[in-house]
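Novice: For reference, the sequence and a predicted model appear below.
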Amino acid sequence: MAWTNNVLRVNLTDGTCASEPLNTEWAKKYLGSRGLATKYYVEECDPKVDPLSADNKLIFATGPLTGTAAPTSGRWTVITKGPLTGAIACSNSGGFFGAELKNAGWDMVIFEGKSAGPVYLDINNDKAELKDASSMWGKSVWDTEDMLREACGDNDIRCASIGQAGESQVLFAGVVNDKDRAAGRSGVGAVMGSKNLKAVSCRGTTGTQVGDPMAFMQATGACNQILADNPVTGEGLPTYGTQVLMNVINETGALPTHNASDVQFDGASKIGGEAMTEPRESDGKANLVSNAACFGCPISCQRRSQMDPNHFSVAGQPKYQGIEGGLEYEAAWALGAATGVQDLEALTYCNYICNEYGMDPISLGSTVAAAMELYKLGAITDADTGGLALEFGSAEALCKICDQTGLGEAFGKEIGQGSRRMCEKYGHPELSMTVKSQEFPAYDPRGIQGMGLTYATSNRGACHLRSYTVASEVLGIPEKTDPLTSDGKAGLVMAFQDATAAFDAAGICIFT
C-alpha cells in the first residue's frame with residue numbers, strides 16, 4: 001500500500017493547518033479513499049449535522065494506488081454530508097490533482113469550521129497555508145485556476161476549486177480540478193462554498209513509494225496489456241469516449257428522454273460520439289479535436305472539443321472558442337435527450353458552463369427536463385420563468401437557463417435546488433426522477449432492470465458509479481444477462497457494488 005501516512009487537518013475557523021499521522025488501524029480495515037475517508041467522517045461528524053453549516057466537515061482523500069504507476073491512478077474523492085441528498089456525499093474525480101496531492105505527501109485533507117472570508121489552501125509538499133481569496137470570489141473555475149497559477153508563480157501546480165455555483169450554494173455544485181475534471185455529484189461544491197473555501201492549489205514533488213517496486217511494475221505492466229487488448233478500453237473509449245454509449249443505450253431502449261417520459265430519443269445520433277467526429281457544415285471542422293488522459297491513464301477517454309465560433313451560444317465570446325473539455329455521455333444525455341435538445345454545439349456550450357461555474361451536468365440537465373415538463377403542463381408559466389419559454393427541444397432556452405443556474409439568477413435559482421424540491425414546490429413531485437433527491441443518471445431502469453435496483457440501494461442516491469450493471473446487461477461484461485428481467489439482479493448488483501467500491505477506494509478508475 002502506497003500510503004504517505006500523513007493527514008492534513010485544516011481548521012478554517014481558526015485559520016490553522018496541522019499535520020497528523022494517518023490512522024493505520026483504520027487504513028487496514030477500510031481500503032482507502034471513499035472507504036477510509038467515510039470512516040473518518042462518520043467518527044467525527046454528527047449524522048444530523050446541517051450540510052451547509054460550519055459543523056459539517058469536508059474531506060479530500062486519495063487512495064493507496066493514487067499517484068503510483070498503476071493504470072488510471074489519478075482518482076481522488078470528496079466526502080461530506082451532501083446538501084442535495086442529506087446523505088453521505090462521496091464524489092470521485094480524475095485528472096491530475098489527486099496524484100499531485102499524494103505526491104506532495106498527503107493521504108487526506110480534512111477541512112473543518114468556516115472561514116470568516118474567502119480563502120484558498122496553498123500546499124507545497126509538506127508546507128500548507130491558508131491565503132486570502134477575496135479577489136477570486138465571484139470568479140469562475142477557469143479564471144480561478146489561472147489566478148492561482150499567477151499567484152503561486154508556478155504553471156505546474158494543480159488546482160481544485162469551485163465556481164459561482166458553489167459560492168451561491170447550488171445544491172448540485174461540484175468541485176472542479178484541472179478545469180474540466182470534477183467531483184460532480186451530491187453538492188460537494190456547495191459545502192465547499194458554505195465554508196468560504198474557494199480553492200486548493202497543490203504542488204507535490206516528493207513522490208509516492210511502494211513496498212516492492214519491481215513486483216509492482218510487473219503487475220502494472222500486465223494490467224496495462226489487459227486494458228490495451230480489451231475492445232472497450234483499448235478501442236471504443238479512446239476513439240469515442242463514454243459517448244460511445246449514446247447510440248448503444250438508445251438502441252437498447254433505455255435512454256431516458258423528455259424527462260423519462262420515453263426511453264428512446266430520435267436525435268440521439270446527432271449528439272453521440274460519432275457525431276462529435278463529423279465535420280460541421282459551417283466551417284468543416286469537427287466538434288471533437290482529440291482525446292486526452294488523466295494521470296497515469298492508458299485509456300484516454302477524455303474529450304477535447306472546439307465549438308463552432310458562429311454558434312449563437314458563443315458568438316462574440318472568445319473564451320468559449322478555444323479547445324476545452326468536451327461532452328461525456330452522461331452530460332450529453334442529461335443536457336440533450338432528457339431535455340429533447342439535439343443541437344450538439346448547444347450541449348457542448350452547456351457542458352463548458354458546467355465546468356466553468358462548477359455544476360453537475362446530470363442533476364442540472366435532469367432538473368431542467370423536469371422544469372420543461374412542468375412548463376408543458378402549465379404548472380410553471382412565463383410569469384415564473386421571467387418570460388423564458390422552457391420548451392422541450394429548445395436549445396436557446398437550455399443555454400439560457402444553464403447560465404442562470406450557474407450564476408444563481410432568475411429562474412435558475414429554482415433549478416439550483418434540484419428537481420425534487422422544485423417539483424414539490426410546483427405541485428408535481430412525481431415528475432422528479434430521483435432517489436434520495438439525487439437525479440437518475442443516463443440509464444432508464446425500465447430498460448435495464450439491474451440499474452433500478454442499483455439506484456434504489458445506492459447509499460448516495462441515484463448513481464451509476466455505485467454499481468454498473470450496464471456492463472453485464474448491455475455490454476456482456478463479464479457475462480451477458482437479460483436487461484429486461486429482475487431475476488438474479490440482486491446478486492449482480494451486489495457484485496458490482498463491491499467491485500466499484502474496491503476500485504474507488506484504491507484510487508483507480510472503474511473503467512479498469
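Specialist: Sure thing, it's come through. Numbers count the residues shown, from 1 in each chain.

Novice: Next, residue 356: secondary structure please.
Specialist: helix (DSSP: H, G, I helix; E, B strand; the rest coil).

Novice: do residue 345 as well
Specialist: Going by three-state DSSP: residue 345 is helix.

Novice: Now do the same contact list for it.
Specialist: 287, 307-308, 311, 313-314 (CB atoms under 8 Å, 6 or more residues apart in numbering). C-beta: built from backbone N, CA, C; applies to glycine.

Novice: let's see it at 10 Å
Specialist: For residue 345, the contact set (CB atoms under 10 Å, 6 or more residues apart in numbering) comprises 280, 282, 287, 305, 307-308, 310-314, 395, 399.

Novice: Next: residue 262.
Specialist: Residues near residue 262 by CB under 10 Å, 6+ apart: 253, 255-256, 337, 340, 444.

Novice: For it, report the pLDDT, please.
Specialist: We note a pLDDT of 98 for residue 262 in this prediction.

Novice: By mean pLDDT, flag the weakest helix or strand of the protein.
Specialist: None of the helices or strands of the chain scores lower by mean pLDDT, DSSP states H and E than helix 231, at a mean of 91.

Novice: Centre of the chain to that helix, how far?
Specialist: Offset of helix 231 from its chain centre (CA atoms, centre = their mean, to the nearest Å): 25 Å.

Novice: ok, back up a step: what about the contacts of residue 262, which one has the most neighbours?
Specialist: residue 337 (31 neighbours; other CB atoms under 10 Å).

Novice: Contact partners for that residue?
Specialist: Neighbour list for residue 337: 246, 249-250, 255-258, 260, 262-268, 271-272, 347, 365, 369, 442 [criterion: CB under 10 Å, 6+ apart].

Novice: redo that, cut-off 8 Å
Specialist: 250, 255-257, 265, 267-268, 271, 442.

Novice: same thing with residue 173?
Specialist: Taking CB under 8 Å, 6+ apart, one finds 162-163, 165-166, 187-190, 192-193, 358-360 in contact with residue 173.

Novice: and what of residue 501?
Specialist: Counting by CB under 8 Å, 6+ apart, residue 501 makes contact with 34-35, 466.

Novice: just residue 347 next, same as before
Specialist: Residue 347 neighbours (CB under 8 Å, 6+ apart): 271, 327, 331-332, 335-336, 341.

Novice: right, and the pair among the contacts of residue 262 with maximum separation?
Specialist: Taking CB to CB, the two most distant members of the contacts of residue 262 are 253 and 340; they sit 17.3 Å apart.

Novice: Now, the contacts of residue 337 that are in strands?
Specialist: Of these, none are assigned to strands by DSSP state E.

Novice: Serialize the residues you listed to JSON lines and add fields for distance to residue 475 and pLDDT.
Specialist: Converted to JSON lines, the contacts of residue 337 look like this (distance: CB to CB, whole Å; pLDDT from 0 to 100):
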{"residue": "250", "distance to residue 475": "15", "pLDDT": "98"}
{"residue": "255", "distance to residue 475": "15", "pLDDT": "98"}
{"residue": "256", "distance to residue 475": "18", "pLDDT": "98"}
{"residue": "257", "distance to residue 475": "21", "pLDDT": "98"}
{"residue": "265", "distance to residue 475": "20", "pLDDT": "98"}
{"residue": "267", "distance to residue 475": "23", "pLDDT": "98"}
{"residue": "268", "distance to residue 475": "17", "pLDDT": "98"}
{"residue": "271", "distance to residue 475": "20", "pLDDT": "98"}
{"residue": "442", "distance to residue 475": "14", "pLDDT": "98"}
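
Novice: most surrounded residue in those?
Specialist: Counting neighbours by other CB under 10 Å, residue 271 leads the contacts of residue 337 with 29 neighbours.

Novice: In this structure that one contacts residue 246, no?
Specialist: Yes - with contact defined as CB atoms under 8 Å, residue 271 reaches residue 246; the gap is 6.5 Å.

Novice: Find the residues that touch each one of the two.
Specialist: Counting by CB under 8 Å, 6+ apart, the shared contacts of residue 271 and residue 246 are residue 332.

Novice: helix, strand or coil for the residue sitting furthest away from the middle of the chain?
Specialist: Within the chain, the residue lying farthest from the chain centre (CA atoms, centre = their mean) is residue 214, at 34.3 Å. Three-state call for residue 214 (three-state DSSP): helix.

Novice: Now do the closest residue to residue 270 other than its chain neighbours: how many residues are near it, please.
Specialist: Leaving aside its sequence neighbours, residue 270 sits nearest to residue 342 (CB to CB, 6 or more residues apart in numbering; 4.6 Å). For residue 342, the neighbour count with other CB under 10 Å is 19.

Novice: is it possible to export the contacts of residue 262 to JSON lines including distance to residue 92?
Specialist: Converted to JSON lines, the contacts of residue 262 look like this (distance: CB to CB, whole Å):
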{"residue": "253", "distance to residue 92": "29"}
{"residue": "255", "distance to residue 92": "24"}
{"residue": "256", "distance to residue 92": "22"}
{"residue": "337", "distance to residue 92": "24"}
{"residue": "340", "distance to residue 92": "30"}
{"residue": "444", "distance to residue 92": "23"}
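
Novice: mind listing what the nearest residue to residue 74 once chain neighbours are set aside touches?
Specialist: What sits nearest to residue 74 in space, not counting adjacent residues and going by CB to CB, 6+ apart, is residue 295, at 3.1 Å. Contacts of residue 295 were listed using CB under 8 Å, 6+ apart, and they are 67, 73-74, 94-96, 98-99.

Novice: and what of residue 281?
Specialist: Taking CB under 8 Å, 6+ apart as the definition, residue 281 has no contacts.

Novice: From the chain's centroid, how far away is stretch 325-335?
Specialist: 11 Å.

Novice: Residue 261 and residue 56: what is the separation?
Specialist: Here the criterion is CB to CB, to the nearest Å. By it, residue 261 lies 36 Å from residue 56.

Novice: and if you look at residue 294?
Specialist: Distance from residue 294 to residue 56, by CB to CB: 28 Å.

Novice: before we move on, back to that, buried subset of the contacts of residue 345?
Specialist: 287, 305, 307-308, 311, 313-314, 395, 399 (16 or more other CB atoms under 10 Å).
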